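# Sequence and computational prediction follow.
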Amino acid sequence: MSRAIKRIYMGIIFLFLYAPIIVLIVFSFNKSKSRGQWGGFTLSWYAELFKSRQIREALYYTLLVAVLSTLISTVVGTIAALGINNMGKFSRTVILNMNNLPVLNPDIVTGVALMTLFISVKLELGFLTMLIAHIVFSIPYVILAVLPKLRQMNKHIAEAAMDLGATPSYALRKVIIPEISPGIISGALMAFTLSIDDFVISFFTAGTSATNLSILVYSMAKRGVKPTINALSTLMFLTVLILMLIINKKSDKGEEILL
Amino acid sequence: MGKNLIELKNLTKRYGDMTAVDSINLTIKENEFVTLLGPSGCGKTTTLRMIGGFEDPDEGQILFEGKLLNPIPAYKRNINTVFQRYALFTHMNVFENIAFGLRIKKIPKNEIERRVKRMLKLVDLEGFEKRNVDSLSGGQQQRVAIARALVNEPKVLLLDEPLGALDLKLRKEMQIELLDMQRSVGITFIYVTHDQEEALTMSDTVVVMNKGLIQQVGTPQDIYNEPLNRFVADFIGESNIIEAIMPEDYKVAFDDVVLDCVDKGFAKNEPVDIVIRPEDIRIVTNPDDGMIKGTVKSVIFKGVHYEMIIESDIREYMVHRTMMFPVGSYVGMNIQPCDIQVMKRGEPL
C-alpha cells in the first residue's frame, strides 16, 4: 500500500516537472496554429525553421559561441586548476571560494555586471562581448570538473615522469593531461551545455548585432507564440538532453562530475 | 663492493623554521644496498628526494661519481626512483608504463620491446603487457614500478618505502625478491623505510636517522649489536636501556650491581647508557645463582619465545626466553660481559 503511494507521489512530481516539456514537444508537431487544439501531425514547423534566415543565423551564432567558448574556457580552466592544485592549503581554499562565487551568483547579476563592464571600456556589444561573457561564466565549471581529478591523482606522478627522463613540459603533455582527461572532457561538455543553454547573460551582452537562439526565441515569443518556437525549443531541449546523457554516462563509469 | 658512487657533503634542507636534514655526510658505494632508517619526520625521505632531484638542498653538495649533482635537474640524472604508492601512469598499460623512459630516450622499437620483455621476466610479470595497471594487485603494481625504473639501467635505484602498502606476508616475499633483483642487476639501491626489521633483513649498510641527523651508519649486525646511542638501541629491536656509570675499565655499575663488560676507555665513574637485549638475559631458577634477582611479573607468548617482564627491587627487565617461567616465580638473571653494550650518555628519551 505504502509502496503504491510512494509510486504515485513520484509520478505526480515527474508529471509536474515534465508535463510542460511534453506538451511543448507534442504541440511542435501540431498542424493547427491554435495552441489549445490538436489539428493532426505535421513536420512543417520544423521545415519552416530551417527556411528562416533569421533562425539559421541565430543557430550559427549559438554554435560558434558554444564551440569557441568551450575551447577557450577549457584551456584556461585546466591551466587554472593545475595552478590551484599546486597551491598551499590556505590560498587554495581562498581561490576555490572565489571560484565558486560566480557559480552561485544569479545570472542576471553576472549579465548586468558584464554589460556594464563592456560599456565602461567602450567595447561595442555584439558577438565578441557575448563570447567573452560565455568564456567567463564557463571557466569556474571547468575548474570544478578538473580539480577533483588532479586531487585524485598520485601526487608523485609528475615526479615519476621526470624521474624517467621527461622534461616538465613533456610530463605535462604526455602524463598529466592524459591522466586528468576525463575531468577535462566533462568540464568541456559542461561548458558547451551551459553556453547553448544560456539566455540571461547572452541577452545583456549580445547587443543587437548578434542574436543567439535563446534570444531569438524570447523576441519571437514577445510577438506571440508561433508553433515554430515550439519546434525550435524542442530541438534545443533535445540537444541539451543528449549532452546531459553523455555527461551522466561518463559519471556512471566512476568519473565524478559536479552538476 | 667498489668505489664511491654517491657522496653527501654537509647536506641540509630546511622548511621554514624546521630543519628536515641537518648537515649530513654520507658515502654510498657501487653495488651497495643502503637503507635510510628512522621514524617519520626524521629526514630520510627528504634525503632521498634530494638525491633524486625533487628537492633542492639549502646547503651542501651531492656528488655522483665525483661530479656535482646539485644543478642537474631530475630528468637528466642517471638515477631512477620507485615512489611511495608506485605513481604508475593509469592511462597506460603495463608495457607502456615500463617503456616510458626508453621512448623518451628515442631507443629503437625492437630494442624497447626486447628490454621491456626482459624486465617483465625479471619481475615475474610475463604476459601482463596489455593489462591495465588499475587491474593489478598491489604487489603486481609494485613490480611494474620497479621494472619501469630498472629498465632504464640506472646506476642507482631509489626506493621510497616501496613495500609500505603491502600486507605482511607479501612484504616479506617482496623483500627477498628485491634483494635477488639487486644482486642480479648489480646496481646501488638506496632504500627508505621506517621498518627496522626490513632494514636489517635487506641492507649491506643501515643509516639510522633521527631529527634530520645521522645517528649511526653500519652493517645490520653493527647497528643491532653495538648501537652507538640510546636512540639507535631503542629504535632497533627491543632493548633494556639502563643508565649506569663505569667505575673502571671493563666494569659497569647500576642499581646495586657491578657487572663485567668488554668496554674500556671511559673516564673514571663516567655516566653511560648500557643496552642489554632481551634475548641476552638468561634466567636461572635459583635466585642466588643470578647476578640480579627478580620476580616474574608478566608472561606473553610471542610464538618463537616468551616475553617476560621481571622486576628487581629497582627496575623492570624485558627478557625473551624459549622456556617459560610462571608469573610470581622468584628467579635469578645472568648477563654475559659481551652482551652488555656500553654507550656514551645521551639525552634522555
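Thanks, I have the structure now.
# what helix or strand does the closest residue to residue B:251 other than its chain neighbours sit in?
Leaving out its chain neighbours, the residue that sits closest to residue B:251 by CB to CB, 6 or more residues apart in numbering or on different chains is residue B:258, at 5.7 Å. C-beta coordinates here come from the backbone N, C-alpha and C atoms, glycine included. Residue B:258 is part of strand B:257-260, with elements assigned from DSSP states H and E.
# any idea of the mean pLDDT for the very next helix or strand once past that strand?
Moving toward the C-terminus from strand B:257-260, the next helix or strand (DSSP H and E) is strand B:270-276. Rounded to a whole number, the mean pLDDT of strand B:270-276 is 91.
# Can you give the strand pairings for strand B:270-276, parallel or anti for each?
Its sheet considered, strand B:270-276 pairs with strand B:240-246 (antiparallel), strand B:341-344 (antiparallel) by DSSP bridges.
# how about the closest residue to residue A:196 other than its chain neighbours, what does it touch?
Closest residue to residue A:196 apart from its sequence neighbours, by CB to CB, 6+ apart: residue A:66 at 5.2 Å. Neighbouring residues of residue A:66 by CB atoms under 8 Å, 6 or more residues apart in numbering or on different chains: A:134, A:192, A:195, A:196.
# Would it be right to say that the last one lies in a strand?
To tie it back to what came earlier, the one meant is residue A:196. No. Per DSSP: H, G, I helix; E, B strand; the rest coil, residue A:196 lies outside any strand segment and is helix.
# quick one: it and residue A:240 touch, right?
Yes. In this structure, residue A:196 is within contact of residue A:240 by CB atoms under 8 Å, at 6.4 Å.
# neighbour-wise, which of the two wins?
Taking neighbours as other CB atoms under 10 Å in any protein chain shown, residue A:196 and residue A:240 compare with residue A:196 leading, 20 against 15.
# Distance check, the residue sitting furthest away from the middle of chain B against residue B:330.
Distance from the centre of chain B peaks at residue B:288, with 40.6 Å (CA atoms, centre = their mean). Distance, residue B:288 to residue B:330, using CB to CB, to the nearest Å: 10 Å.
# Quick one: residues contacting whatever residue of the stretch 101-250 of chain B ends up closest to chain A.
Nearest to chain A, among the residues of the stretch 101-250 of chain B, is residue B:101, at 3.7 Å (CB to the nearest CB). If you count contacts by CB under 8 Å, 6+ apart, residue B:101 has them with A:164, A:165, B:80, B:148, B:151, B:152.
# Let me have the residues you listed in CSV, extended by secondary structure, neighbour count and distance to residue B:313.
Putting these into CSV (DSSP: H, G, I helix; E, B strand; the rest coil; neighbours: other CB atoms under 10 Å in any protein chain shown; distance: CB to CB, whole Å) gives the following:
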residue, secondary structure, neighbour count, distance to residue B:313
A:164, coil, 28, 63
A:165, coil, 21, 66
B:80, strand, 25, 58
B:148, helix, 31, 60
B:151, coil, 25, 63
B:152, coil, 22, 63
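# returning to what we had before: state the pLDDT value of the residue farthest from the centre of chain B.
90.
# Residue B:332 is in contact with that one, correct?
Yes. Residue B:288 is within contact range of residue B:332, at 6.7 Å (criterion: CB under 8 Å).
# Kindly report the residues of chain B close to chain A.
B:52-54, B:73-76, B:79-81, B:83-91, B:100-101, B:104-105, B:148-149, B:152 (CB under 8 Å from any CB of the partner chain).
# Among the residues you listed, name the ones in helices.
Among those, the members found in helices (DSSP state H) are B:52, B:100, B:101, B:104, B:148, B:149.
# mind listing the strands for chain A?
In chain A, no strands are defined using DSSP state E.
# all helices for the stretch 151-259 of chain A, in order.
For the stretch 151-259 of chain A, helices defined by DSSP state H, counting those that start in this stretch occupy the ranges A:157-163, A:168-171, A:177-197, A:200-205, A:213-222, A:227-252.
# mind listing what's buried in the shortest one?
If I follow you right, that is helix A:168-171. Residues residue A:171 are the ones in helix A:168-171 that count as buried (16 or more other CB atoms under 10 Å in any protein chain shown).
# which residues does the residue nearest to residue B:325 when sequence neighbours are not counted form a beta bridge with?
In space, and not counting its chain neighbours, residue B:325 is closest to residue B:296: 5.1 Å by CB to CB, 6+ apart. Bridge pairing for residue B:296 (DSSP bridges) gives the partners residue B:310.
# My read is that residue B:296 contacts residue B:321, right?
No. Here residue B:296 lies out of contact with residue B:321, judged by CB under 8 Å, at a distance of 10.5 Å.
# So for the two, which residues contact both of them?
residue B:308.
# The two: which has the busier surroundings?
When residue B:296 and residue B:321 are compared for neighbours, residue B:296 comes out ahead with 20 against 16, by other CB under 10 Å.
# what's stretch A:185-194 in contact with?
By CB under 8 Å, 6+ apart, stretch A:185-194 touches A:66-67, A:69-71, A:73-74, A:77-78, A:134, A:137-138, A:141-146, A:240, A:243-244, A:246-247, A:250-251, A:255, A:257, A:259.
# which of the residues in the strand holding residue B:258 are buried?
Buried-residue list, strand B:257-260, by 16+ other CB under 10 Å: residue B:259.
# which residues are there in the stretch 51-200 of chain A that come within reach of chain B?
A:154, A:156-157, A:159-168, A:170, A:175, A:178-179, A:181.
# Show me which of these are buried.
A:154, A:156-157, A:159-166, A:175, A:179.
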